[in-house]
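> Got a sequence here, can you model it:
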Amino acid sequence: MKISAQEEYGLRILLRIAKETSEEGLTINDISQLENMSKANAAKIARILRMAGFVQSTRGNSGGYKLSMLPTEIVISDVLKALGGNLYDEQFCDSFKGLGQLCNNSVDCTVRSLWKVIQLSVDRVVTQITLADLLSPEELFREKVIENINKQLTN
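Numbering: from 1, shown residues only. Okay, the predicted model is just below:
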């Protein structure tokens, strides 16, 4: 399993914008420099985040990107879906059916079940995490997530 560069940089850009204290927000140049990425890639990802409603942009000399909602309202599962989608969805198996029209294992497939369980597990975690959580120090964030996972396992 891999997390895409777009998902990684998208979260990092959101965090940068959330930490920005100026009224103008951050420009593409700012984002590019702060995250050590190309302007084209920063602009592409910022556009996706804007189209998904997480950030707003203002044009002009005093323009930039700002969050369009509070960090507590931005759920990480929504961000990841906007940036790249799920790790697994029902169409996934269509890409791995081999040479035939249908997968040989389309009736009884434990591998498909494995991917579903992994997706459900990821969803259970990322639906409980907000951008505000990611703004906290790493150790506190990790403790909170582990505590939430342990609660889920005992329920």
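
> how is the protein carved up into domains?
5-67, 86-154 (automatic domain parsing).

> Just the mean pLDDT for the last one, thanks.
Domain 86-154 comes out with an average pLDDT of 79.

> Likewise for the first one?
Taken as a whole, domain 5-67 has an average pLDDT of 93.

> for that domain, the distance to its chain's centre please.
From the chain centre to the centre of domain 5-67 is a distance of 14 Å (CA atoms, centre = their mean, to the nearest Å).

> same deal with the last one?
On the basis of CA atoms, centre = their mean, domain 86-154 is displaced by 13 Å from the centre of the chain it belongs to.

> Can you get me the start-to-end distance on that domain?
End-to-end distance of domain 86-154: 26 Å, with CA to CA, to the nearest Å as the criterion.

> nearest to Asp78, of the domains of the chain?
Nearest to Asp78 among the domains of the chain is domain 5-67 (7.6 Å), distances taken as CB to CB. Every C-beta, even on glycine, is put in place using the N, C-alpha and C of the backbone.

> measure the closest one end to end?
First residue to last in domain 5-67 (CA to CA) measures 21 Å.

> Could you do stretch 28-45 as well?
End to end - CA to CA - stretch 28-45 spans 10 Å.

> The domains of the chain into TSV, with extra columns for mean neighbour count?
Listed next are the domains of the chain as TSV, based on neighbours: other CB atoms under 10 Å:
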stretch	mean neighbour count
domain 5-67	17
domain 86-154	12
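
> what ranges do the strands span in this structure?
Ranges of strands in the chain, per DSSP state E, are 55-58, 64-67.

> Who are the contact partners of Val55?
Leu14, Ile17, Ala46, Leu49, Tyr65, Lys66, Leu67, Ser68 (CB atoms under 8 Å, 6 or more residues apart in numbering).

> ditto for Gly53
Contacts for Gly53 (CB under 8 Å, 6+ apart) come out as Ser68, Met69.

> now do Ile74
Shown in contact with Ile74 (CB under 8 Å, 6+ apart): Leu14, Phe54, Leu67, Thr130, Leu131, Ala132.

> what's the answer for Asp123, then?
Ser77, Asn86.

> try 7 Å
Ser77 (CB atoms under 7 Å, 6 or more residues apart in numbering).

> State the distance from it to Trp115.
12 Å (CB to CB, to the nearest Å).

> And for Ile146?
24 Å.
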